[in-house]
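# following is a predicted model, sequence given first.
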Amino acid sequence: MVFYFTSNVVSPPVKLFMGLDKYENEELIKWGFPEDVWFHVDNISSAHVYLRLQKGQTLDDVHHDVLIDACQLVKANSINGNKMNNIDIVYTMWENLKKTPSMDVGQVSFHNPKQVRKMRIEKRINEIVNRLNKTKVETHPDFRAEREARDAGERQDKKKIVREQKDREKEAEKKRLEDAELKSYASLHKTENMTTTNYDDNNDSDDFM
């Protein structure tokens, strides 16, 4: 089961989501999207909260208020973190999550710690948490099917780009050949390439009888 929340602090609103437990988190880790941003309380057990970006977006594109919403949601869903003040929330892109066979269920590390960012949360803000909880929806998605559909769509997009590039190249080559043909035709009509004659067939003579 996955819980979805709507953050309406931006327009259009964005979705935040998290797994029911560590087993759901494991599925999210395995079948996440490259566009997903992962949030967790630093060094304390908590829910894994995700924000799905649009293709091409980066962490720098995430609105500050959306970050606050995600961090408050993580804090509120941490048994110990919810009781503490001045805690750090870490977040990074899904692709930076590292999972090895020796790790416990739901546990992750990072491929590159330098790509992990932190946000200090002073305290729980009930107004934010309550607003998000009012939008809470429970679903039972097929993580693998969603990821495979996403990848299939991306492959189709890439094929379309390749086709369009080939079409542009064909059109450019066609135009090049047409221009070359026109230039060749025009050269045939240049004065220096044309011949003339002054032969008068003895019709006009300057001789006098």
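Sure thing, it's come through.
# does residue 119 sit in a helix, a strand or a coil?
Per DSSP: H, G, I helix; E, B strand; the rest coil, the local secondary structure of residue 119 is strand.
# contact partners for it?
Taking CB atoms under 8 Å, 6 or more residues apart in numbering as the contact definition, residue 119 lies against 67-68, 71, 88-89, 91. Every residue, glycine included, has its C-beta placed from N, CA and C.
# and it, how far from residue 87?
10 Å (CB to CB, to the nearest Å).
# find the nearest non-adjacent residue to the residue most central in space within the chain, please.
A centroid search over the chain (CA atoms, centre = their mean) returns residue 55, at 1.9 Å, as the residue closest to the centre. Once flanking residues are discounted, residue 55 sits nearest to residue 35: 6.0 Å by CB to CB, 6 or more residues apart in numbering.
# give me the domain ranges for this protein.
The chain breaks down into these domains under automatic domain parsing: 2-141, 157-192.
# just the buried subset of the contacts of residue 119, please.
67-68, 71, 89, 91 (16 or more other CB atoms under 10 Å).
# could you dump those into JSON lines and include secondary structure?
Output for the buried ones among the contacts of residue 119, formatted as JSON lines (three-state DSSP):
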{"residue": "67", "secondary structure": "helix"}
{"residue": "68", "secondary structure": "helix"}
{"residue": "71", "secondary structure": "helix"}
{"residue": "89", "secondary structure": "strand"}
{"residue": "91", "secondary structure": "strand"}
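# of all those residues, which two lie farthest apart?
68 and 91 (11.7 Å; CB to CB).
# report pLDDT for the residue nearest to residue 139 when sequence neighbours are not counted.
With sequence-adjacent residues excluded and distances taken as CB to CB, 6+ apart, residue 139 is closest to residue 2, at 5.5 Å. Reading off the confidence values, residue 2 has pLDDT 93.
# ditto for the one 4 residues further on
You'll see residue 6 listed with a pLDDT of 97.
# again, but for residue 152
93.
# tell me which element it falls in.
helix 143-187 (DSSP states H and E).
# what's the burial count for the closest residue to residue 140 other than its chain neighbours?
Counting by CB to CB, 6+ apart, residue 1 is the residue found nearest to residue 140 once chain neighbours are left out, at 5.8 Å. Counted by other CB atoms under 10 Å, the residues lying close to residue 1 total 10.
# all the helices of the chain, residue numbers only.
22-31, 64-76, 126-133, 143-187 (DSSP state H).
# if we can go back for a sec, can you list the contacts of residue 119 in JSON lines and add distance to residue 182?
Formatted as JSON lines, these follow (distance: CB to CB, whole Å):
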{"residue": "67", "distance to residue 182": "59"}
{"residue": "68", "distance to residue 182": "63"}
{"residue": "71", "distance to residue 182": "65"}
{"residue": "88", "distance to residue 182": "69"}
{"residue": "89", "distance to residue 182": "66"}
{"residue": "91", "distance to residue 182": "60"}
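# farthest pair in those?
68 and 88, at 13.8 Å, using CB to CB across the contacts of residue 119.
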